[in-house]
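# Model the following, please.
(2 chains)
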Amino acid sequence: MKTTIATRLILPAVLLAFAAAVPAAPALAAGAPKPPAQAWSFDGVFGTFDRAQVRRGLIVYRQVCAACHSLNLVAYRHLAGIDFNENEIKAIAESVEVTDGPNDQGEMFQRPGRPSDKFKAPFPNDKAARAANNGAYPPDLSLMVKARKGGADYLHAVLIGYKDAPAGVQLMDGMSYNVYFPGQQIAMGAPLNEGSVEYADGTKATVDQMAKDVAAFLAWTAEPEMEVRKRLGLKVLLFLLVLTGMLFALKRMIWSDVH
Amino acid sequence: MTTTGTAPVWKNPVVRWIDERLPLFTLMHESAVAYPAPRNLNYWWNYGSLALFVLVIMIATGVVLAMHYTPHTSMAFDSIERIMRDVNYGWLIRYVHMNGASAFFIVVYIHLFRGLYYGSYKAPRELLWIIGVVIILIMMATAFMGYVLVWGQMSFWGATVITNLFSAIPLVGDNIVAWLWGGFSVDNPTLNRFFSLHYLLPMVILGLVVLHLWALHTVKSNNPIGVDIKSPGDTIPFHPYYTIKDFFGVGVFMIGYMGFVFFAPNFFGEPDNYIVANPLVTPPHIVPEWYLLPFYAILRAITFDIWFIPAKLIGVVTMFASILILMLLPWLDLSKVRSARFRPVHRQFFWVLVIDCFVLGYVGANPPEGYFIPLGQAATAYYFLHFLVVIPLVSLFERPKAVPDSISAAVLKKA
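Down below sits the predicted model:
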């Protein structure tokens, strides 16, 4: 039987109706501009962490961020993942005093950090962190790149996004104006200033440079497995492509007497 | 082994000894080797075996993850990060499991829509179809509970929203919610029981899959023209024809699946779930995982009370009804023709339903404000109209095209 004109029109008509009902997607509700995309060394299928950059980022974290932000999921020994050798890791770990115990006398004691220790948190607990920060809680940074839309781009954008509040914007007590932070009011004051840290490799420590470096470092802390993952992924996909190609050839061979 | 007639004769004495006492080998032979499958199955028929393949992957990776996971509110999140960082290839096992959930739903939804298109729900496959719907229902519960185990912000608040739905039950709703929680909010007892159930339910799914296959092999597979198997010439043995075709399908599927696992492992996830659960901070926008979005849209479409029945209760009932209605489909579609290939009007409405489900998913992903509310309501209304009005009416009034006499006739004509 021939399809009637009416039945041929049902689908296009419905498509049109939906197209009319769905106007352009609304702008982002919270009202923060999209963070500008940066060219990261870890982008793409072949991306790797730029060791020099990530290690500069560690310097920024230790000298600036670590004053308030913990890095609870990362141990000093994990730094081997960005090519620190055993002695360097030991030296970094020993630069902090950690509370251990109880000892045989039942007392807690201080000892230098070991590679197996997690990065020492700046505050003993959440309440202490809030008390020292005007009631705001400085979040743990270990997973920050995975925990925000936009990832490293967003982190970089927030770190360079501090501006004077435009006329008519009333900032709450102790808050700063930040273009890229949702709602534009952020409890963290601008953390980076030109020359906040000194880079051993001679890179000029501009705010933008430091923001990029620490975002790259935190991309590593969030996904320390990334390089291994992508390397293995390429091998797996290559294997699957060959295997599937052979399966397809076999399928055609076996089916040749059916078709 | 040689085959005489239908029953295989086992040459290996050990195999024969076992098979005479427990016909395991005969069972395997009949269900995976000799099973007479229609010769005209297209690639949409790959998704059933693919779903079984993903289920096995999910159970295998899940068992290993459970060895390293700690179901306690203060340790769950960190124990998963320990898997990601310190367990050998823990990141791989976890990402395979995490993306496996999405892969599972993609495969099963395609499998479901294939059944819808080709009329695989019609007699004599009603029970086969109903078991399938029950499997999807339990899959949703399993996936939801697995998502909660991560104990991130979306886990916690998703659990709070979904368990709170049961408070809509009249009179005893609040008591039921407290019973589900094991307390007065989503807390450690909730996490513990979700962990227990998340391990149990996949085994229930596995059992239902056995029933699903048993029913399938009793009534035999449907096929793209929807005509019954009439003679041996209509079929080919499952092995080697469909074993190789299914293996090839697994290869293609794995390329896509592993592409996500290795290169975009968090594509289907929400960044908020990398923040540890905090009962004091509500995320601005709580959304379930993508595979539940259409149902979430249906739930939220009901914004009005009807007489004395509160909107929330109607929403919950509507949401569950949207899945359960599928079970009635064999009796709502009165057409004698199975395949939409020969049903010009039905086929158009099938695609309208597909679009409707995507619209529902789109609405479910967005906050319930502005035009999303009427759009969600219209899409919900169409969803139910489709099954309750369109399908019965079309099946009554549509004049189907001529259906081929047999599978082999259709194959020969095409060749």
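
# Please identify which helix or strand holds the residue of chain B found nearest chain A.
Nearest residue of chain B to chain A, counting by C-beta to the nearest C-beta: B:Phe262, 2.6 Å away. Every residue, glycine included, has its C-beta placed from N, CA and C. Using DSSP states H and E, the element containing B:Phe262 is helix B:238-263.

# ok, and for that helix, which residues are buried?
By 16 or more other C-beta atoms under 10 Å in any protein chain shown, the buried positions in helix B:238-263 come out as B:238, B:240-254, B:257-263.

# burial of A:Glu227, as a residue count?
16 (other C-beta atoms under 10 Å in any protein chain shown).

# One more: A:Gln185?
A:Gln185, neighbours per other C-beta under 10 Å, totals 16.

# Same question for A:Ala91.
A:Ala91 is flanked by 12 other residues according to other C-beta under 10 Å.

# Can you tell me the SS state at it?
The local conformation at A:Ala91, judged by DSSP: H, G, I helix; E, B strand; the rest coil, is helix.

# got the angle for the lengthiest helix in chain B vs helix B:238-263?
Assignment by DSSP state H gives helix B:188-219 as the longest helix of chain B. Going by axes from the mean of the first three to the mean of the last three C-alpha atoms, to 10 degrees, helix B:188-219 is angled at 150 degrees with respect to helix B:238-263.

# elements contacting helix B:188-219?
helix B:47-68, helix B:126-149, helix B:153-164, helix B:173-181 (3 or more C-beta pairs under 8 Å, 6 or more residues apart in numbering or on different chains; DSSP states H and E).

# so does the second one get close to chain A?
This means helix B:126-149. No: judged by C-beta under 8 Å from any C-beta of the partner chain, helix B:126-149 stays clear of chain A, getting no closer than 16.0 Å.

# which sections of chain A are below the confidence cut-off?
Within chain A, the stretches with pLDDT under 70 are A:1-31, A:259.

# how close does the closest residue to chain B within it sit to B:Val363?
Nearest to chain B in chain A, going by C-beta to the nearest C-beta, is A:Gly233, at a distance of 2.6 Å. Using C-beta to C-beta, to the nearest Å, A:Gly233 is found at 34 Å from B:Val363.

# Which one of the two is surrounded by more residues?
Between A:Gly233 and B:Val363, counted using other C-beta under 10 Å, the more crowded position is B:Val363 (28 against 19).

# Can you give me the separation between that one and B:Cys357?
Taken as C-beta to C-beta, the span from B:Val363 to B:Cys357 is 11 Å.

# Surely B:Arg347 and B:Ser335 touch.
No: using C-beta atoms under 8 Å, B:Arg347 makes no contact with B:Ser335, being 11.6 Å away.

# Find residues that contact each of the two.
Here B:Arg347 and B:Ser335 share no contacting residue, scored by C-beta atoms under 8 Å, 6 or more residues apart in numbering or on different chains.

# Kindly reformat the helices and strands packed on helix B:188-219 as TSV and extend each row with mean neighbour count.
Output for those, formatted as TSV (neighbours: other C-beta atoms under 10 Å in any protein chain shown):
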stretch	mean neighbour count
helix B:47-68	18
helix B:126-149	20
helix B:153-164	22
helix B:173-181	16
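
# Packing partners of the helix or strand following the helix holding B:Phe262?
Counting by DSSP H and E, the element after helix B:238-263 in chain order, helix or strand, is helix B:293-301. Helices and strands touching helix B:293-301, by 3+ C-beta pairs under 8 Å, 6+ apart, are helix B:311-332, helix B:344-364, helix B:372-385.

# A:Ala152: what secondary structure?
helix.

# quick one, what contacts residue 108?
Since no chain was named, I'll use chain A. A:99-102.

# To clarify, I was referring to chain B.
Residues near B:Val108 by C-beta under 8 Å, 6+ apart: B:47, B:51, B:135-136, B:139.

# ok, and for the helix or strand encompassing it, which residues are buried?
Using DSSP H and E, B:Val108 maps to helix B:90-117. Going by neighbour count (16+ other C-beta under 10 Å), the buried part of helix B:90-117 is B:90-108, B:110-117.

# Quick one: mean pLDDT over it.
Mean per-residue pLDDT for helix B:90-117: 98.

# circling back: columns distance to A:Lys212 and mean pLDDT on top of the helices and strands packed on helix B:293-301, output as JSON lines?
Shown next, in JSON lines, are the helices and strands packed on helix B:293-301 (distance: least, C-beta to C-beta, whole Å; pLDDT from 0 to 100):
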{"stretch": "helix B:311-332", "distance to A:Lys212": "46", "mean pLDDT": "96"}
{"stretch": "helix B:344-364", "distance to A:Lys212": "35", "mean pLDDT": "97"}
{"stretch": "helix B:372-385", "distance to A:Lys212": "37", "mean pLDDT": "97"}
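
# Dump the ones you listed into a markdown table; add distance to chain A as well.
Shown next, in a markdown table, are the helices and strands packed on helix B:293-301 (distance: least, C-beta to the nearest C-beta, whole Å):
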| stretch | distance to chain A |
| --- | --- |
| helix B:311-332 | 19 |
| helix B:344-364 | 4 |
| helix B:372-385 | 6 |
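
# one step back: of the contacts of B:Val108, just say which sits nearest to B:Asp228.
For the contacts of B:Val108, the closest approach to B:Asp228 (C-beta to C-beta) belongs to B:Tyr47, at 21.9 Å.
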